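**Student:** coordinates for the following, if possible.
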Amino acid sequence: MDKKQMATFQKIGKRWRARIRRKGFPAQSEMFDTKAQAQDWASRQEADMRALKFQDVRIIADKTLGSAIDRYVEEQTQVKPLGKNKKAVLATLKRYLGKLTMPELTGDVLIDYVKERKGAGAGGVTIAIDLTYLSSVLKAARNIWRWPVNLDAIAQARAYMDHIGLSTRSKERTRRPTKIELGNISTWFAVKVRQKVPMSDLIAFAVDTAMRLSEIINLKWADLNEQDRTIIIRNRKHPRAKIGNDQEVPLLGDAFAIIKRQPKMDKEERIFPVTEGTVSSLFPRACKSLGIEDLKFHDLRHEGVSRLFEQGYSIEQVALVSGHRDWKMLARYTQIRAKDLHRRPPLG
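**Tutor:** The predicted structure follows:
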C-alpha cells in the first residue's frame, strides 16, 4: 500500500493518536487509550474510504452532469449503440440539468426537476424513465469512475413522486380496431393513386404478424425463407439484449403473400423500404379523415396478438410470434370478460 494512504500512530502522554491522510478524502484523526484501539479504528476508517463513504466532494466540484453524460455515452457506445429512447432521455437530462456540477445535484434539485417536467406535461412513466437513466449515469460515476456522487438524490425524487401520487406505471391500451375500421382505412389508402407507400399491405401485414412497425420496415429479403414461410426479425426488442436478439417467426395468414407481391428494387435490402416517421404520419391522417378516434398503428399489433389467441393458439405459440419473453405480458391480449365464464346450458 502507498505510504501516503497509510495511517500513522503517535503516543501522546498515556494515549495514542491515529491519523489518516488519503488523497481525495478529508484528513481524520482520533485519540485512543491504547494503540490497539487506534489501529482498529484506523482499519475501519480505511475500509470506509475504500467504499467511498468519506470521499472529499471537492474532487468533483468542477465536474458537470453534462460532462458526465458525455463520458457515459462515449463509454457505452464503445460496446454497443445506445437505443433511440435512451439517447433522447439523456439529451433531455443534459438540457435541463447539464450545467449543474455533481455536488449541486441534490435531492431538492431533482424534486424541482420532477415538478418542472410534470408542469411541462410529462407523465409519471416518462419522468420515472428519466430518473432511471440518470441513475445509470450516477452509478457509473460512483462505481466505475470512483466519484463521490450522491445516489440518495434519486431516491428522494422517487419518494416525492410517490408522495404526490404521480403514477409510474403506464396505462395498458386495450383499443382494438373493428373490421369495418380496418377495411375503411385500407380503402382510404387504396383509392389514392399517388400513394406510393403500400399502406394497405402494411396494415394487413401488421395484423397478421403482430410485429412492431420498426420490425416490419427493417425486414430484409435475405432473411425470408420461402420454403418454410418464415422470416428472421433482426435485433428484436428485448429487455436486456439490445443487439443480436434475432428471431425466426412464421408468416401466418396473408403475410407471406403480402411479402411476395412487394416489388424488389435494385440495391434495396428491405422488403418495405419506408420510414417509421412516414407511416406514423400517414396512419393518423387516414383515421382523422375517416373520423376514427383513438387508434394508433401500434394497436394493430394488439389486434394481431388477440386474434392469435382467438384462433386457438397456445400462449407459447403466440409468444413465438409476438416475441414476448414474459408470458404474463400476454395476459392482457386475451381480454377474457367475466360474462364469458358463464357456460351455455346444454341443448335438449
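**Student:** which stretches of the stretch 1-150 of the chain have low pLDDT?
**Tutor:** For the stretch 1-150 of the chain, the stretches with pLDDT under 70 are 1-5, 23-26, 48-58.
**Student:** how about the strands of it, start to end?
**Tutor:** Assigned by DSSP state E, counting those that start in this stretch, the strands in the stretch 1-150 of the chain fall at 7-12, 15-20, 28-32.
**Student:** what's the angle between the last one and strand 15-20?
**Tutor:** Put simply, strand 28-32 runs at 160 degrees to strand 15-20, going by axes from the mean of the first three to the mean of the last three C-alpha atoms, to 10 degrees.
**Student:** how about the contacts made by Lys35?
**Tutor:** Shown in contact with Lys35 (C-beta atoms under 8 Å, 6 or more residues apart in numbering): 9, 11, 16. In this view, the C-beta of every residue, glycine as well, is placed from N, C-alpha and C.
**Student:** so how far is Ala38 from the last one?
**Tutor:** Counting by C-beta to C-beta, to the nearest Å, the separation of Trp16 from Ala38 is 4 Å.
**Student:** what is in contact with those two at once?
**Tutor:** 9, 32.
**Student:** how long is stretch 148-167 end to end?
**Tutor:** 31 Å (C-alpha to C-alpha, to the nearest Å).
**Student:** in that stretch, what's buried?
**Tutor:** 148-150, 153-154, 156-158, 160-161, 166 (16 or more other C-beta atoms under 10 Å).
**Student:** and the contacts of Lys35, which are buried?
**Tutor:** Trp16.
**Student:** domain-wise, how is this structure divided?
**Tutor:** Using automatic domain parsing, the domain parsing of the chain gives 3-55, 65-163, 179-339.
**Student:** show me where the stretch 201-348 of the chain has its strands.
**Tutor:** Using DSSP E, counting those that start in this stretch, strands in the stretch 201-348 of the chain cover 224-225, 230-233, 247-250.
**Student:** which of the buried residues of stretch 148-167 lies closest to Thr34?
**Tutor:** For the buried residues of stretch 148-167, the residue nearest Thr34 by C-beta to C-beta is Pro148; the value is 32.1 Å.
**Student:** surely the closest one is in contact with Lys63?
**Tutor:** No: if you go by C-beta atoms under 8 Å, Pro148 and Lys63 don't touch, sitting 10.7 Å apart.
**Student:** what's the neighbour count on Ala206?
**Tutor:** Residues near Ala206, counting by other C-beta atoms under 10 Å, number 24.
**Student:** and for the one 5 residues further on?
**Tutor:** As a burial measure, the neighbour count of Met211 was computed by other C-beta under 10 Å and equals 25.
**Student:** rewinding a little: can you redo the contacts of Lys35 as TSV with distance to Ile127?
**Tutor:** Shown next, in TSV, are these (distance: C-beta to C-beta, whole Å):
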residue	distance to Ile127
Phe9	51
Lys11	57
Trp16	53
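**Student:** relative to Gly66, how far out is Lys86?
**Tutor:** 16 Å.
**Student:** apologies, that question was intended for Ala141.
**Tutor:** From Ala141 to Gly66 the distance is 13 Å (C-beta to C-beta).
**Student:** of the two, who's got more company?
**Tutor:** Ala141 (22 against 16).
**Student:** excluding chain neighbours, what is closest to that one?
**Tutor:** Spatial nearest neighbour of Ala141, chain neighbours left out: Trp147 (4.3 Å); criterion: C-beta to C-beta, 6 or more residues apart in numbering.
**Student:** same thing with Leu134?
**Tutor:** Leu93 is the one closest to Leu134 (C-beta to C-beta, 6+ apart), at 5.6 Å.
**Student:** from memory the one you found sits against Ser135, does it?
**Tutor:** No: taking contacts as C-beta under 8 Å, Leu93 lies outside contact range of Ser135: 10.8 Å.
**Student:** these two: which is more packed in?
**Tutor:** Neighbours were counted for Leu93 and for Ser135 using other C-beta under 10 Å; Leu93 has more, 20 against 16.
**Student:** contacts only, for that one.
**Tutor:** Contacts of Leu93 by C-beta under 8 Å, 6+ apart are 65, 69, 130, 133-134, 137.
**Student:** which of the strands of the stretch 1-150 of the chain sits most buried?
**Tutor:** strand 15-20 (a mean of 18; mean count of other C-beta atoms under 10 Å).
**Student:** residues in contact with it: which ones?
**Tutor:** Residues contacting strand 15-20 (C-beta under 8 Å, 6+ apart): 7-11, 27-35, 37-39, 41-42, 45-46, 49.
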